[in-house]
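S.K.: Turn this into a model:
(2 chains)
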Amino acid sequence: MDLTFTAAEEEFRSELRAWLSAHIPAEWRRPGFWESLSDEESFGLRRDWERDKALAGFAGIQWPTEYGGRGGTPGMKAIYDVEMVLADAPRTVNPLGLTFLAPTVMAIGTDAQRKEIIGPMLRNEVIWCQGFSEPGAGSDLAALTTRGVRDGDDFVVNGQKVWTTNAVHGDKIFTLVRTTPGSQKHRGISMLLIDMHQPGVDARPLKQMSGASEFGEVFFDDARVPATDVLGAVDEGWRTAMLLLSFERGASGMSQYTEFRRQYDEIAAVAKKLGRDRDPVIRGKLARVLTELECLRLHAMHILTQTEQGRDLGFEASMTKLQWSEASQDLWEVFDDVLGEDVTLEELDDLDLTPFNAQAMWSRSVTIWGGSSQVQRNVTAERVLGLPR
Amino acid sequence: MFFALTEDQQEFGSAVRTYLAERFDLDAVRAYFEAPATNDAGNLDGLWKAAGEQGWLAVTVPEEHDGLGLGLVEAQVIARALGAGVAPGPWRGTVLAAEAIRLAGSAEQQARWLPRLATGEAVGALGYSRSVEYGQTADVVVTPEGLLTGFTATPVGSYDRTTRLARVEGGSTEALPGDASSLEARATVLVAADLVGIAREALTRTVDYDKEREQFGVPVGSFQAIKHALADLHVGITMAEHAALYAAHAVDAGLDDADLAVSVAKAKASDVALASTAAMIQYHGGIGYTWEHEAHFFYKRAKRLAGQYGTADAHRERIAALTL
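M.R.: Model (predicted):
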């Protein structure tokens, strides 16, 4: 048993901490700062800051240096994710590109794609969206109907995508499109890399129940994409998508633990302020959630260990998703119990509840996106336990 | 970062599981289970001899006292395997008595007891509960006051007959000069590990059954209502496995969060063992409710151990006290 990081990894932590402490303005940590900005201002600020961070060498932590990455270890990536949370660093504006598209391009992209996609993404010159889900294709992704028809050197694309993160800020979108007319299920699909700045593409914000608009809808109306802008082979898009989604395994349970543990401590502070921390029912519920969060931390150490040992994690990503998403949702349900009849208020005894309320609303989404809990349970039951389909 | 069992540590667990599968399977457990609850000997002689010969008892005893000099991490591996086999016998009490003497005994006490506890020649018990596991076969009982010998043990009936219990009275106590304050934490970790072993085995057996058992012309394991329940159990049990392993390491290494880790492990292990053994009954259908089926061995052992050294609720209160 060795729960420490290597000297080189700890050295990396120090360097990163120093850079973050020198480059995150104190003003950004002021409560209400980000809320006081327009969506456009906030996105622009984060976009530029993240570019500077990348130029300083704190991006693509595990990517090979030939792609502008740092060539670091899985431990460094885990440290990076945790330190970003601890420093209140702005969240990435290019999450789908960095987590999913880049490693896929490194694995199966052409040389030209590697050159054109990865560098500009690291510098946030291109913000990438993911075009997978459709109104009729959610958990059943293979039911997608967005179609691409070959026309000379282009595909002409028509259809609609939904739940698109950063839709209104996106420059390009990696999109699953049915390129063989009349094909069924996972056959005849291609992953097209579509420029969003063209008349045939219309991105609209989708207002969520929280009031925020992290997601959007993207409409394709005779949008054009050069036939060379396919990732992987034409009609082999399902295979490309499965490879791409497999990179979710890199998701860091340690940073999620760090984030949720902070939320737990904030909720505990509210409970104390309201004198609710003495209620044995509340205490039991909080402890139950904390137990799950501690398990998440240990699970993250297990995943990191397996990754460092070069083991294939198989379908364990489904367990990771279930553990973090259900635990964080449970945490925010306890917050409801702490507040009782005041649960919906925006302010209580000069305590601004709006950031809490936003988190509580967001917690309803985490068991849906990225594979709903029900889908993850099916995967776990069938692929891990071997129960019949 | 290495949060896992080494190959040697895993080997310890497989050795126990292999022995139980070959020499003390569920038929042997049943014979023991169905013997009168007050009968202490039953058919344990071979199993106890193996525990001594294969180092299950010597695991945490220092090498200078003929032990293996390993730690709680290895001990919880054995505990987990014994739980999976719902194995009877005074293993845990003997290991914990040796731990008390190792931690707090004088040199003379260590020399007197440890080599004999390590081979199984002497049997130990932990007397922190009203009903003492294997008090009737114990040569020495560790109480909060020290080492108790020369006592009278009266068997206590219990529906978990995978383990014999006794009430211990009289005798004389010899103080332990050192600090044995971590003993209850160690006991709690080993009970949590036993529960984790029970939970995993109960799930595995249920999954295997539900792959085969057909109703409505299909295996019942193809029904989503069952799949989702079993998937949730798999996730929960995996978390409890992590928690028991971490707690063992945290106690041995004296980590700052050892108290929290122990309570997390016991709360989680108790919950998943109760849930998994109840599911074992439910998802076997009527056969799971019969005396003939083995589900009740797992369920009854889980019931007793879930309550030992603090229920899940009691540990959650400790977690609340540590974090609020």
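
S.K.: how about the nearest residue to the residue most central in space within chain B, chain neighbours excluded?
M.R.: Nearest residue to the geometric centre of chain B (CA atoms, centre = their mean): B:Asp194, 3.3 Å. Excluding the flanking residues, the one nearest B:Asp194 by CB to CB, 6 or more residues apart in numbering or on different chains is B:Gly83, at 3.5 Å. Where C-beta positions appear, they are placed from N, C-alpha and C, glycine not excepted.

S.K.: Next secondary structure element downstream of the helix or strand where the one you found lies?
M.R.: B:Gly83 is part of helix B:72-84, with elements assigned from DSSP states H and E. As assigned by DSSP H and E, the chain's next helix or strand after helix B:72-84 is helix B:91-104.

S.K.: how far does that next one sit from the chain's center?
M.R.: 14 Å (CA atoms, centre = their mean, to the nearest Å).

S.K.: again with stretch B:100-113
M.R.: 23 Å.

S.K.: Quick check: buried residues in that stretch?
M.R.: Going by neighbour count (16 or more other CB atoms under 10 Å in any protein chain shown), the buried part of stretch B:100-113 is B:Ala100, B:Ile101, B:Arg102, B:Leu103, B:Ala104, B:Gly105, B:Gln109, B:Gln110, B:Arg112, B:Trp113.

S.K.: which two of these lie the greatest distance from each other?
M.R.: Farthest apart among these by CB to CB are B:Leu103 and B:Arg112. That separation is 15.6 Å.

S.K.: quick one, what contacts the residue nearest to B:Asp194?
M.R.: Residues near B:Gly83 by CB atoms under 8 Å, 6 or more residues apart in numbering or on different chains: B:Ala193, B:Asp194, B:Leu195, B:Val196, B:Gly197, B:Ile198, B:Glu201, B:Arg301, B:Leu305.

S.K.: any chance of the residues you listed in CSV, plus pLDDT?
M.R.: Listed next are those as CSV, based on pLDDT from 0 to 100:
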residue, pLDDT
B:Ala193, 98
B:Asp194, 98
B:Leu195, 98
B:Val196, 98
B:Gly197, 98
B:Ile198, 98
B:Glu201, 98
B:Arg301, 98
B:Leu305, 98
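
S.K.: which of those lies closest to chain A?
M.R.: When those are compared for distance to chain A (CB to the nearest CB), B:Val196 wins out at 12.2 Å.

S.K.: If you count contacts, what does the helix or strand where that closest one lies end up packed against?
M.R.: Under the criterion of DSSP H and E, B:Val196 resides in helix B:183-212. Helices and strands touching helix B:183-212, by 3 or more CB pairs under 8 Å, 6 or more residues apart in numbering or on different chains; DSSP states H and E, are helix B:72-84, helix B:91-104, strand B:218-219, helix B:224-253, helix B:258-282, helix B:295-307.

S.K.: tilt between the first one and helix B:183-212?
M.R.: In other words, helix B:72-84. Orientation check (axes from the mean of the first three to the mean of the last three CA atoms, to 10 degrees): helix B:72-84 against helix B:183-212 gives 40 degrees.

S.K.: for helix B:72-84, what is the average pLDDT?
M.R.: Average pLDDT, helix B:72-84: 98.

S.K.: So which bits of that helix are buried?
M.R.: Buried-residue list, helix B:72-84, by 16+ other CB under 10 Å: B:72-84.

S.K.: go on, the last one?
M.R.: Residues of helix B:295-307 classed as buried under the neighbour-count rule (16+ other CB under 10 Å) are B:Ala295, B:His296, B:Phe297, B:Phe298, B:Tyr299, B:Lys300, B:Arg301, B:Ala302, B:Lys303, B:Arg304, B:Leu305, B:Ala306.

S.K.: coming back round to it: what angle sits between the helix holding B:Val196 and helix B:224-253?
M.R.: Going by the same axes, to 10 degrees, helix B:183-212 makes 160 degrees with helix B:224-253.

S.K.: ok, the following helix or strand past helix B:183-212 near chain A or not?
M.R.: Heading C-terminal from helix B:183-212, the first helix or strand you meet, by DSSP H and E, is strand B:214-215. No. Figure legend: strand B:214-215 not in contact with chain A (CB under 8 Å from any CB of the partner chain); closest approach 10.2 Å.

S.K.: Give me the three-state assignment for A:Thr367.
M.R.: coil (DSSP: H, G, I helix; E, B strand; the rest coil).

S.K.: Could you do the one 4 residues further on as well?
M.R.: Of the three states, A:Gly371 takes coil according to three-state DSSP.

S.K.: and if you look at A:Ser210?
M.R.: Quick answer, by three-state DSSP: A:Ser210 is coil.

S.K.: And for B:Ser158?
M.R.: coil.

S.K.: Tell me how far it lies from B:Ile198.
M.R.: 16 Å (CB to CB, to the nearest Å).

S.K.: who's more crowded, those two?
M.R.: A direct count of neighbours by other CB atoms under 10 Å in any protein chain shown for B:Ser158 and B:Ile198 places B:Ile198 higher, at 32 against 16.

S.K.: any idea how far the closest residue to that one other than its chain neighbours lies from B:Leu195?
M.R.: The shortest distance from B:Ile198 to any non-neighbouring residue, by CB to CB, 6+ apart, is to B:Gly83 (4.5 Å). Distance, B:Gly83 to B:Leu195, by CB to CB: 6 Å.

S.K.: where's A:Lys218, which helix or strand?
M.R.: Residue A:218: Val, not Lys. Counting by DSSP H and E, A:Val218 is part of strand A:215-226.

S.K.: which outside residues touch the helix or strand where B:Ala118 lies?
M.R.: If you go by DSSP H and E, B:Ala118 is part of helix B:107-119. Helix B:107-119 is contacted by residues B:52, B:57-58, B:61-62, B:65-67, B:94, B:97-98, B:101-102, B:105, B:122-124, B:140, B:147, B:174, B:176 when judged by CB under 8 Å, 6+ apart.

S.K.: quick one: contacts for the closest residue to chain A within the stretch 51-200 of chain B?
M.R.: In the stretch 51-200 of chain B, the residue that lies nearest chain A is B:Val73 (6.3 Å; CB to the nearest CB). Neighbour list for B:Val73: A:Met1, B:Leu5, B:Gln9, B:Leu245, B:Ala248, B:His249, B:Asp252 [criterion: CB under 8 Å, 6+ apart].

S.K.: Using CSV, lay out those residues together with distance to A:Gly237, neighbour count and pLDDT.
M.R.: Shown next, in CSV, are the contacts of B:Val73 (distance: CB to CB, whole Å; neighbours: other CB atoms under 10 Å in any protein chain shown; pLDDT from 0 to 100):
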residue, distance to A:Gly237, neighbour count, pLDDT
A:Met1, 43, 20, 94
B:Leu5, 41, 17, 97
B:Gln9, 44, 18, 97
B:Leu245, 41, 29, 98
B:Ala248, 47, 29, 98
B:His249, 45, 21, 98
B:Asp252, 51, 21, 96
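
S.K.: from those, which two are the most distant?
M.R.: B:Leu5 and B:Asp252, at 13.9 Å, using CB to CB across these.

S.K.: Pull the contacting residues for the closest residue to A:Trp63 other than its chain neighbours.
M.R.: Closest residue in space to A:Trp63, ignoring its immediate chain neighbours: A:Gly69 at 2.4 Å, by CB to CB, 6+ apart. A:Gly69 sits next to A:Ala59, A:Gly60, A:Ile61, A:Gln62, A:Trp63 when contact means CB under 8 Å, 6+ apart.
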